[in-house]
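A.B. asks: show me how the following folds:
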Amino acid sequence: MSESQAAAAASPQPPSTPTPKASSLSVEQRRTLLSTPTTPGGLNSPRQSSCADDPALTKSLFKFGWAKILQGTDPAESRPAFWDEFFLIKVDTVYLRIKLRNIDARGLLEIRKTLHIVYDQCILSLGSAIQIRAANAMLTLGILLQESFSKQGFKNFAYDVIEAIVGFDYAPRRVGELITAVAKILKSRTAGDQLKDVALRLLIIIATATPDIDQNVLLSHFMATPIFDELIQLLRKEDRAQHGHHTLLLLGLLLSYRRNDADSVNPYTNALREMQDPVSLNAIGAVVSSFLVERNREWASLADSDGGASHGVLSNVGSFFSKLFDVPEEAPTLKIDPAHSAALMLPLYQIVRLNPAFVNVVTHTRVLGEAQPESRGDDDLPKAADPAAAALTQAESTNLLSSFLTFSSFLLHDTKPATTASFCYLCWTTLLCICDDMHVDQFLHDTKVTVPIALFYAEKRHRPAEIRRRDSGPLAAAVFDLCVEFMLSHLKKNLQADLYTMCLGVVHRLLCYQKKNQIRLRFEWKSLWTALITICSFVVGHEAVLIEQVDIFALSSQVITNLNLFITFGDTFLPDPSSYDELYYELIRVHNTFEGLYNMARRHTRGPYGASAERLVGDLINIRAITNHFNPRIATWKAEKALTTLSTEEVLKLVRDNYDTLTLKLFSGLVKVVPFEDNEEHAAKLSAVVHAIVDANHTTVLLIPTIAPGH
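C.D. replies: Below you'll find the model as predicted:
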């Protein structure tokens, strides 16, 4: 029912049948009366209220009610029919927020008995057949809760806020009634989309009540009264695009509640782990795919406009002065706020981590249009005239995994902000967990699967920002492209070793799969070798700074392990013998880098990172054997020919001619992949992501627009 219809329903008419006062009825009687249409003159009759026809009178009644409430008085004491009329009146949100902000934490506790009445009346109205009544009740409750959550000065936040609004002693029953009532709205076939949207926003307000989600006592009641089935049912509907984002966001928050507490049981975690219904899994996948496609379009359009602005005359002038005065020239970056624009990364990671059956959704190829992105007008979409957007659009007949790789290329381009770094870690962790699955690895290397994919490359000094398309070849090549670009683009003195660890883990998993199945992927392997060697060179060159921050020896061991895979088993998965020769050429060419890495590790075998330094020394045995074997022969050949330098072909010939006399060590465990497992460091980083999402949605997921502070 529209608001105008609700207002008409509140117009006066002489009652034909006396109706008992609502205040004299029991809770169940009042709920029944509110939800059941009656004869003219009853509580829900179309001519019951005398105030809604007059806007001035409506506003006056709204202010009268809240003036009484904030004074600690029940408005029904002086106006018995007040609560029957109140939730038919449009909520003056600005006025209500101003009044609530003028009361401090102590003031809320002083009027808590009246606020308990407001809460109870809101719950009663949620069962009303008049949807405007239920909507206004949730709107009122949402503002009341949100403004209360934002107040400072509570001595015990967890206790005082609940005591002020609900009553701590009655919280289990009263909050349970709220959850049950909202759940009925979510699964109702007659409730409108707007009403369900308000209901979801109200639940998100409750879920983001405290910065630390584990300290949100209200969520304990969501564990006692789970709404998992109602949320999944919303996703299963054909119109899931209307509610998909908020539904998955709420589910992600509920899944995060006390996830590291061994003594507590999260029913949402268990339900998601046990869910095998392909319809539900595909519904989640459709929402995630739509989210990824929407973000990719949005970021591609922004990157195109930002990139185009950075190549003009002013950019050239700025570059000139940067070089003249030796000022570091920072390439402009696409600004992304992941807590707002990438929040669904959290539920995506959780379902990938918890439910192995979701792999079928990840690898399912779909045509764009099966599930449309959420509520975007045509004016918001990038036009085909935008080169970046056009390149991306042409690659959108795709699947969830390819969309995720495109999404990752945008997100990973800038890891400097702490919040963004946390989401980048979650991105790599999600991809790592995906690659832990053998079926996904098979899909990634399947030459019969042709999925076009676009990757974003941020602007650097030597290139403009661009989106590069890969129209053919297995998706594994695109994963390697993503890894190579990341490894080369984020080497800095404040090295984010955790991100590199995850990235190298993805590379290792794909190489191990190729070795075990003897898959000869057509890829520019030199780019990967160059990236791995560049990391080693960077570590050696910045030893003094890096060793104070991270275990650079463990990180270097990961790099060398991947190189050892090529050295030991490259003949089984490299595309041809010449690729194996080129590998040796690259190792010989930068032999000084590996010698420096070896000497660095030897110096620190008795330091705080002694164990990992000792391991690195052992991992370098084969690379040093190669360089020590071929370099003397190259030097001898140069002396015999009286040459100062050799061409690439000459070095490659020497390599091919001297393989037979080279002795290498066969390492054990090179192809052993340890599946990803949670640990304390991972838990802390995941908590940072959850905290960022909670903080971003605490004030921005609103039932209505907020007002500026200080009003």
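A.B. asks: now do the SS call for the residue nearest to Asp214 when sequence neighbours are not counted.
C.D. replies: Spatial nearest neighbour of Asp214, excluding adjacent residues (C-beta to C-beta, 6 or more residues apart in numbering): Arg258 at 5.2 Å. (Each C-beta comes from the backbone N, C-alpha and C, glycine too.) Counting by DSSP: H, G, I helix; E, B strand; the rest coil, the backbone at Arg258 sits in coil.
A.B. asks: give me the number of residues near Arg258?
C.D. replies: Arg258 has 18 neighbours, counted by other C-beta atoms under 10 Å.
A.B. asks: that one reaches Tyr268, doesn't it?
C.D. replies: No: judged on C-beta atoms under 8 Å, Arg258 makes no contact with Tyr268 at a distance of 10.9 Å.
A.B. asks: where does the residue nearest to Asp214 fall, phi/psi-wise?
C.D. replies: Torsion angles at Arg258 (phi, psi; degrees, to the nearest 10) stand at phi 50, psi 40.
A.B. asks: one more: Arg469?
C.D. replies: Dihedral angles (degrees, to the nearest 10) for Arg469: phi -100, psi 140.
A.B. asks: what number of residues lie near it?
C.D. replies: Other residues near Arg469 number 13, with proximity taken as other C-beta under 10 Å.
A.B. asks: then the one 3 residues further on?
C.D. replies: By other C-beta under 10 Å, the residues close to Ser472 number 10.
A.B. asks: same check, this time on Arg201
C.D. replies: Neighbours of Arg201 (other C-beta under 10 Å): 20.
A.B. asks: show the model's pLDDT score for it.
C.D. replies: We have a pLDDT of 93 for Arg201.
A.B. asks: same deal with the one 5 residues further on?
C.D. replies: At Ile206, the model reports a pLDDT of 93.
A.B. asks: please apply the same query to Asp678.
C.D. replies: Model confidence at Asp678 (pLDDT) stands at 85.
A.B. asks: check the one 10 residues further on too.
C.D. replies: The predicted local confidence for Ala688 comes out at a pLDDT of 93.
A.B. asks: about what we covered before: contacts only, for the residue nearest to Asp214.
C.D. replies: Arg258 sits next to 214, 264, 266 when contact means C-beta atoms under 8 Å, 6 or more residues apart in numbering.
A.B. asks: in PyMOL, select just the buried ones from those residues.
C.D. replies: Here is the PyMOL command that selects only those of those that count as buried (16 or more other C-beta atoms under 10 Å):
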select buried, resi 214+266
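A.B. asks: ok, so of the contacts of Arg258, who is nearest Val539?
C.D. replies: Asp214 (37.0 Å; C-beta to C-beta).
A.B. asks: isn't the closest one right up against Tyr257?
C.D. replies: Yes: with contact defined as C-beta under 8 Å, Asp214 reaches Tyr257; the gap is 6.7 Å.
A.B. asks: joint contacts of the two?
C.D. replies: Overlap of the contact sets of Asp214 and Tyr257 (by C-beta under 8 Å, 6+ apart) is empty.
A.B. asks: three-state assignment of Leu455?
C.D. replies: strand.
A.B. asks: relative to Ile179, how far out is the residue nearest to Asp214?
C.D. replies: Distance of Arg258 to Ile179, given as C-beta to C-beta, to the nearest Å: 17 Å.
A.B. asks: got it, and Leu666?
C.D. replies: Going from Leu666 to Ile179 by C-beta to C-beta gives 60 Å.
A.B. asks: tell me which of the two has more neighbours.
C.D. replies: The neighbour comparison of Leu666 against Ile179 (other C-beta under 10 Å) goes to Ile179, with 19 against 8.
A.B. asks: just checking, that one is part of a helix?
C.D. replies: Yes: with three-state DSSP as the criterion, Ile179 is located in a helix.
A.B. asks: residue numbering should commence at 14 henceforth.
C.D. replies: Fine by me, first position is 14 from now on; the one you just mentioned is Ile192.
A.B. asks: surely it is in contact with Glu243?
C.D. replies: No: here Ile192 lies out of contact with Glu243, judged by C-beta under 8 Å, at a distance of 9.7 Å.
A.B. asks: which is the next helix or strand following the helix or strand bottoming out on mean pLDDT in the chain?
C.D. replies: The weakest-scoring helix or strand in the chain, judged by mean pLDDT, DSSP states H and E, is helix 326-337 (a mean of 37). The first helix or strand that comes after helix 326-337 along the chain, using DSSP states H and E, is helix 351-354.
A.B. asks: packing partners of that next one?
C.D. replies: helix 431-448, helix 693-713 (3 or more C-beta pairs under 8 Å, 6 or more residues apart in numbering; DSSP states H and E).
A.B. asks: what average pLDDT does that helix get?
C.D. replies: The model assigns helix 351-354 a mean pLDDT of 88.
A.B. asks: mind listing what's buried along that helix?
C.D. replies: Within helix 351-354, the residues scored as buried using 16+ other C-beta under 10 Å are 351-352, 354.
A.B. asks: now for Ala655, how many residues are close by?
C.D. replies: For Ala655, using other C-beta under 10 Å, the count is 6.
A.B. asks: quick check: pLDDT value at it.
C.D. replies: 82.
A.B. asks: state the distance from it to Arg482.
C.D. replies: Where Arg482 is concerned, Ala655 sits at a distance of 49 Å (C-beta to C-beta).
A.B. asks: Leu541 too?
C.D. replies: Counting by C-beta to C-beta, the gap from Leu541 to Arg482 is 20 Å.
A.B. asks: and what of Glu627?
C.D. replies: From Glu627 to Arg482 the distance is 45 Å (C-beta to C-beta).
A.B. asks: need the per-residue pLDDT for Arg60.
C.D. replies: Note on Arg60: pLDDT of 35.
A.B. asks: ok, the one 3 residues further on next?
C.D. replies: Here, the pLDDT recorded for Ser63 equals 45.
A.B. asks: one more: Leu716?
C.D. replies: Value for Leu716, per-residue pLDDT: 58.
A.B. asks: how close does the residue nearest to Ile647 when sequence neighbours are not counted get to Ile601?
C.D. replies: In space, and not counting its chain neighbours, Ile647 is closest to Leu667: 5.9 Å by C-beta to C-beta, 6+ apart. Distance of Leu667 to Ile601, given as C-beta to C-beta: 9 Å.
A.B. asks: what's the answer for Asp87, then?
C.D. replies: 87 Å.
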